[in-house]
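Undergrad: no sequence for this one, just the structure:
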């Protein structure tokens, strides 16, 4: 297997982009990526997108996106694993390069979510749960995570204030991110008094509906030596795992087995441990999700993520910064783009290009992107040379 | 939603039919072709009791399409006495006093209707188990 480096990253400002279409935002992010890389060479494309069929009535992105990118006639693949589609696209592009099938492989993550009503968007997102045995009964994604939040509060004594702190912290970071959908701070009181969505979760516990796209260009470490604009960022480890689709089928709804295994697999391949990670971008689709993921990744013991967050462990200047980008909460969550946007942030931080939200001299980053209520998870370990 | 999509789930939704693995005796709901615990492919058909206790729940305030008229409604995970965990709505209860650990029992209820086909969908919902 060949070693793989990231030589280009591109993103667009996330938000409600009424004037732009699905193809516009995917191509814009890809062009930004190629400009960043300083090369136009693309041997293959992988597109991560959860549900352009339900959001836009458009499938067959493997033809559409390369065509509008001006890269017709090359092999292209669309991958889907709900909200983990983005990281899965990066993983697929990694395998293209590592295996020797492609020398330059482009991964694009995209989701255009505001072409439909909120009700339809909720329906499309709920298709990442078990349609016949969860969604049929009227559950929503906030509802699934609300059940986990309630169980966490009852088992470990996690408080509403601790959950709110995840949102407060991520908005503090997002306020410094020019690409964020909601680049402003929120107070704990604002989170605690926001509209009830699914008890105990409120509006500001939830990531928003977002249009967005991001792209990364991968090549071999040997090839990457030709590009000297930035310090080289190498993908040291990839890890992927799955779990039951239905939350109720799990042995313990508070143990995110897919996350645990994906992280372990990525660490094993990279030859790293959690102690060697300088910061992480994680899947905070809801405040409780960041708490559960911290515990599954081994940042803290189960039950300790709430107090640790309140103590500032995961703040930008904390011992283990999480979501310097603002996370899904503040940056926005265009589902298929999220995993690629996490890689964008990780590379940007490792290169020292993150401006006001820059972490002090990080060397190794972990990204964690998951689908649904944790039915799938894809992780990457990145290191700057 | 089209008719066959609901119709083929009727054994599970109306009668709580489940599969009992003939090898490891684990009960699977809904039934499957392969036992995820032992890999066996043979099952006996059984009907679940519908009786169990509430493991966790939420009150839905913002509902998905088709459920807007029911808010706020309770939905949770119930562990049946057969050891199977099932998701379902909890009705005929005071959502303010509902709590984890409550004893519940499944009842046959109207779930929803679909506008285009005029189909009325029924399924189980859980209610407090008063022992009657």
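TA: Cool, the structure landed. In this text, all values refer to a predicted model and were calculated from it rather than measured experimentally. Numbers count the residues shown, from 1 in each chain, chains lettered A, B, ... in the order given.

Undergrad: quick one: buried residues of the longest strand anywhere in chain B?
TA: If you go by DSSP state E, chain B has its longest strand at strand B:103-114. Neighbour counts over strand B:103-114 (16 or more other CB atoms under 10 Å in any protein chain shown) mark B:104-106, B:111-112 as buried. Every residue, glycine included, has its C-beta placed from N, CA and C.

Undergrad: Quote the end-to-end distance of stretch B:25-38.
TA: Taking CA to CA, to the nearest Å, the first and last residues of stretch B:25-38 lie 10 Å apart.

Undergrad: Would you check how far apart the residue sitting nearest the centre point of chain B and residue B:94 are?
TA: By CA atoms, centre = their mean, the mean C-alpha position of chain B lies nearest to residue B:88, the distance being 4.4 Å. Separation of residue B:88 from residue B:94 (CB to CB, to the nearest Å): 18 Å.

Undergrad: Repeat that for residue A:294.
TA: The value you get for residue A:294 to residue B:94, if CB to CB is used, is 35 Å.

Undergrad: returning to that earlier point: same list (the buried residues of strand B:103-114) but as a markdown table, adding pLDDT.
TA: A markdown table is the format used below for these (pLDDT from 0 to 100):
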| residue | pLDDT |
| --- | --- |
| B:104 | 98 |
| B:105 | 98 |
| B:106 | 98 |
| B:111 | 94 |
| B:112 | 90 |
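
Undergrad: List, out of these, those positioned next to chain A.
TA: B:111-112 (CB under 8 Å from any CB of the partner chain).

Undergrad: Nearest to residue A:16 among the buried residues of strand B:103-114?
TA: The shortest approach to residue A:16 among those belongs to residue B:112, at 30.1 Å (CB to CB).

Undergrad: contacting residues around the closest one?
TA: Residue B:112 is in contact with A:138, B:66-67, B:120-121, counting by CB atoms under 8 Å, 6 or more residues apart in numbering or on different chains.

Undergrad: Filter those residues down to the ones in strands?
TA: B:120-121.

Undergrad: Give me the buried positions along the helix or strand bottoming out on mean pLDDT in chain B.
TA: Least confident helix or strand of chain B, by mean pLDDT, DSSP states H and E, is helix B:3-7 with a mean of 90. Within helix B:3-7, the residues that count as buried by 16+ other CB under 10 Å are residue B:6.

Undergrad: what residues does chain B put near chain A?
TA: So far as CB under 8 Å from any CB goes, chain B lies against chain A at B:9, B:12, B:30, B:55-68, B:70, B:73, B:75-77, B:85-89, B:100, B:111-112, B:121, B:123.

Undergrad: tell me the domain ranges of chain A?
TA: Domain assignment for chain A by automatic domain parsing gives A:4-117+A:210-224, A:140-207+A:233-384.

Undergrad: Among those domains, which comes closest to residue B:20?
TA: Per CB to CB, nearest to residue B:20 of the domains of chain A: domain A:140-207+A:233-384, 16.1 Å.

Undergrad: Quick one: end-to-end distance for that closest one.
TA: 39 Å.

Undergrad: Mind checking if that domain is in reach of chain B?
TA: Yes: using CB under 8 Å from any CB, domain A:140-207+A:233-384 reaches chain B at A:140, A:142-143, A:146-148, A:150-151, A:154, A:195-201, A:246-249, A:253.

Undergrad: How far away from the center of its chain is that domain?
TA: Once both centres are worked out by CA atoms, centre = their mean, to the nearest Å, domain A:140-207+A:233-384 turns out to sit 9 Å from its chain's centre.

Undergrad: and if you look at stretch B:67-84?
TA: 7 Å.

Undergrad: Can you point out the buried residues in the helix or strand of chain A with the lowest mean pLDDT?
TA: Here the helix or strand of chain A ranked lowest by mean pLDDT, DSSP H and E is helix A:118-126, holding a mean of 88. Of all the residues in helix A:118-126, those buried under the rule 16+ other CB under 10 Å are A:121-126.

Undergrad: what about residue A:353, which helix or strand?
TA: Assigned by DSSP states H and E, residue A:353 belongs to no helix or strand.

Undergrad: On the three-state scheme, the residue lying closest to it once chain neighbours are set aside is what?
TA: Once flanking residues are discounted, residue A:353 sits nearest to residue A:230: 7.7 Å by CB to CB, 6 or more residues apart in numbering or on different chains. Secondary structure state of residue A:230, per DSSP: H, G, I helix; E, B strand; the rest coil, is coil.

Undergrad: what's the distance between residue A:230 and residue A:350?
TA: Taking CB to CB, one finds residue A:230 at 9 Å from residue A:350.

Undergrad: same deal with residue B:59?
TA: 43 Å.

Undergrad: Next: residue A:205.
TA: Taken as CB to CB, the span from residue A:205 to residue A:350 is 30 Å.

Undergrad: Perfect, that will be all.
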